[in-house]
Structure formats: C-alpha cells, structure tokens
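> Sequence and predicted structure are below.
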Amino acid sequence: MADYTIMSWNVQNIFEQKASTPAELAAEPTTVGGGQRRARIVEASTKLYDTYGINLRGTVCGIVQRCDPDIFILIELTVGKNDLQSGGNLVSSQVEFESYAADNILVDLNGRAHPAPWQMAQSNVNAADLVAAATAASGVNVASKNTIFEQYAIFWKTSKFDYIPPAAQAGQRPRIEILKKDQASADLPFPARRPGGICLSETGGNKNQVYIVMHHTVFGVSSKPRKDTIDYLSRLAEVHTRPHVVLAGDFNVDYITDKSAYAPLETLPMTVRNGANATCSVSAQAATLKNAYDQMFTKGIAEPQKPFGGPYDFVGEVFGDDGDKARRISDHLPIYANITLP
C-alpha cells in the first residue's frame with residue numbers, strides 16, 4: 001500500500017496575462033496577441049505584477065510546493081472568446097486550445113531539474129453548449145454563447161505516476177478527456193460545463209490505476225442546475241466502472257447548508273474527504289472564510305494512513321491574513337486529501 005496526496009484548487013480566472021510577467025510579455029514579438037488585445041494583456045499583467053506586487057505564477061507554484069502533493073488539479077483556466085473566434089465564428093471545430101498559463105506553471109514547478117519531476121495534461125475548452133454546436137457545424141457564432149469558456153489542467157509527479165491514455169489516444173501527448181456518458185452510453189445533460197477525466201497509474205510495483213474526475217460547476221442564478229450536476233456526476237460511466245476514483249472540484253453547492261445535495265455521490269458510495277470542514281471561499285475581510293463549495297470524494301480508496309486532508313490556508317500562511325490581497329490570487333483555498341491505494 002502507498003500513500004499519496006491530491007490537491008485541487010480553483011485558482012480564480014487564470015487568463016494568460018496572470019501567468020506571464022510584464023517582462024516576459026515585453027520580450028515577445030510585437031505580433032503576438034496583436035493590437036488592442038495585446039495592449040489589454042500587457043496592461044492587466046502590469047497591474048497585477050507591478051501595481052499590486054503579486055507574482056501569481058510564483059505564488060501558485062510556491063503554495064503547491066508547500067502542500068507537496070503528488071497530484072495537483074487546477075480548476076478555472078479561463079479562455080477568452082477572442083481566443084476562439086474570428087468574425088464571430090469558431091476558429092477550430094475541435095475547440096482545442098493550449099493554455100500558456102498551465103504551460104508556464106509547469107515550467108516553474110519543474111525548474112531546472114532533469115529529468116522533469118512534473119508532467120501535465122490539459123483538457124479541450126470545456127463548454128457543453130459550445131462543443132455541441134461546434135460538432136454540428138463548422139461556423140458557430142461564439143458571441144451568442146453565454147458560457148464562460150474554461151479548461152482543466154492536472155499535474156502529477158513523474159516519480160509517482162504514469163499517464164494511461166485511452167486506446168484512441170495511444171502515443172499522443174497526455175490529455176484530459178471531457179466526460180458526458182452514463183453507463184448506458186447516453187449523454188448526461190450537464191449544464192454549460194462537463195467534467196474532465198484522466199487515468200494515472202502508480203510507477204511502483206503495484207501499478208494500481210486511479211481515475212481522476214474534475215469539475216467546475218457554473219454558479220448561475222439558480223441552485224437547481226448545480227444540484228442536478230452532482231446527480232449527473234454520480235451517474236458517469238467512469239465513476240461506476242473504474243475501481244479507484246477521485247472526484248474533485250468546485251461544485252458551488254455548500255456542503256454545510258446543502259449536504260443532502262451530495263447524497264447521490266455518498267450513496268454510491270463515495271467517501272467525502274473534506275465535507276463541512278472545508279470552508280474555502282476567501283473573504284476580503286482578514287481570516288474570514290465561508291462556503292464549503294470545494295470538495296473531494298473517493299471510491300475504492302483505502303483509509304489513509306495520514307490525516308484525511310482539508311483546506312490549505314494560504315491567506316494566513318502567505319499573505320498574513322490580508323484577504324483582499326490574497327483574492328488577487330484566488331477567492332478559493334486549495335483543498336487536499338491523503339489517499340492510500342491498495
């Protein structure tokens with residue numbers, strides 16, 4: 001049996017300018033980004049790094065290194081509509097977009113180490129309504145869509161895990177799948193965003209596989225779609241057919257006040273790893289946290305030999321309880337859980 005730590009974090013709205021310093025942007029060819037869009041990127045980066053004195057990428061990587069996870073799930077890689085459209089239409093019907101933010105974080109995590117201690121995979125752009133339209137026609141009016149376009153990313157230590165690709169992707173670079181099927185191969189009606197999934201295998205002698213499912217639920221104006229999403233997640237084929245599963249993300253349903261909404265997962269059964277102890281929304285007021293939106297559930301995972309896990313309070317550890325400054329990194333604390341594979 002082996003113990004591992006998994007960390008999940010909604011790092012708020014990671015556009016590329018948040019993960020690029022002004023000096024890095026200044027060193028790029030002037031053609032990169034082009035015109036007004038480039039000017040906005042440079043301005044936003046300068047405000048974050050120079051005006052507020054915050055190095056987002058360095059801070060995120062420093063917090064990851066403090067938590068020292070074996071797997072790090074990154075939620076809310078944000079993609080602007082202008083990255084996906086030209087004249088109102090999709091540039092690519094595959095909706096595949098490489099996030100420089102995730103690439104830059106990987107570079108910083110690896111540093112100059114050789115061989116690289118971390119590997120990373122990204123998902124395609126995650127917008128259920130956009131993807132459905134894109135597969136139906138090559139010309140899709142992106143401007144008419146209201147979804148916030150996002151991606152998932154996951155990082156894992158190469159000394160602990162290997163990537164196991166789906167049969168159709170053998171030999172290709174690692175990629176997070178966008179999931180939507182139940183056990184009967186019917187499409188589940190996820191509102192706006194679908195979950196992502198990836199299979200990793202232990203590098204040691206046991207070679208146990210663990211399937212990681214990640215999700216960021218759209219908050220919206222009504223709680224019903226958020227609660228319905230939890231039910232759809234419990235019906236995913238991968239959750240039922242894979243022996244060892246970790247489900248993590250920002251569900252935008254408070255486990256403290258709406259615990260019953262998580263019943264479809266807990267009756268599978270899946271074990272909640274954070275629960276009411278994970279108040280993770282960062283308030284502008286010093287040391288004030290609220291809402292247990294961020295959660296992690298496991299199936300087929302042995303009781304950990306270490307403590308279960310919980311949130312990591314980077315507000316106090318890194319910013320001295322300055323909630324306003326901490327929120328420029330994220331309005332969520334990262335959560336982590338210790339798991340034991342048999």
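Structure received.
> Now Pro269. Nearest residue, chain neighbours left out?
Lys299 (7.5 Å; C-beta to C-beta, 6 or more residues apart in numbering). C-betas here are computed from N, CA, C, even on glycine.
> let me redo that: Met7
Computed as C-beta to C-beta, 6+ apart, the closest residue to Met7 that is not its neighbour in sequence is Pro69, at 3.7 Å.
> Give me the pLDDT value at that neighbour.
Predicted confidence (pLDDT) for Pro69: 96.
> buried residues in stretch 41-54?
41-42, 44-46, 48-49, 54 (16 or more other C-beta atoms under 10 Å).
> So which of those residues are in strands?
Members of these lying in strands (criterion: DSSP state E): none.
> Of those, which is the nearest to Ser8?
Ranked by distance to Ser8 (C-beta to C-beta), the buried residues of stretch 41-54 are led by Ile54 at 22.0 Å.
> remind me which residues of the stretch 201-342 of the chain are low pLDDT?
Within the stretch 201-342 of the chain, the stretches with pLDDT under 70 are 275-276, 284-288, 305-306.
> let's see 90
204-207, 218-222, 272-291, 301-311, 313, 315-331, 340-342 (pLDDT under 90).
> need the helices for it, in chain order.
For the stretch 201-342 of the chain, the helices defined by DSSP state H, counting those that start in this stretch cover 224-234, 237-241, 263-266, 314-319, 323-326.
> what ranges do the strands span in the stretch 101-250 of the chain?
With DSSP state E, counting those that start in this stretch as the criterion, the stretch 101-250 of the chain has strands at 118-123, 149-157, 161-164, 175-178, 196-202, 209-216, 245-250.
> center of the chain - which residue?
Centroid check for the chain by C-alpha atoms, centre = their mean gives Ile75 as the closest residue, at 2.1 Å.
> can you give me phi and psi for that residue?
Ile75 adopts backbone torsions of phi -110, psi 150, taken as degrees, to the nearest 10.
> which of the residues in stretch 232-243 are buried?
So, applying 16+ other C-beta under 10 Å, buried residues of stretch 232-243: 232-239, 242.
> actually stretch 174-183, not the one I wrote
Buried-residue list, stretch 174-183, by 16+ other C-beta under 10 Å: 174-180, 182.
> Kindly report the same for stretch 107-121.
Quick answer for stretch 107-121 (16+ other C-beta under 10 Å): 108-110, 118-121.
> Among the strands of the stretch 101-250 of the chain, which comes closest to Leu268?
Short answer: strand 245-250, nearest of those by C-beta to C-beta, at 9.2 Å.
> and the closest residue in space to Pro311 that isn't next to it in sequence, what is it in contact with?
Leaving aside its sequence neighbours, Pro311 sits nearest to Leu333 (C-beta to C-beta, 6+ apart; 4.2 Å). By C-beta atoms under 8 Å, 6 or more residues apart in numbering, Leu333 lies in contact with 9, 278, 280, 282, 289, 294, 311-315.
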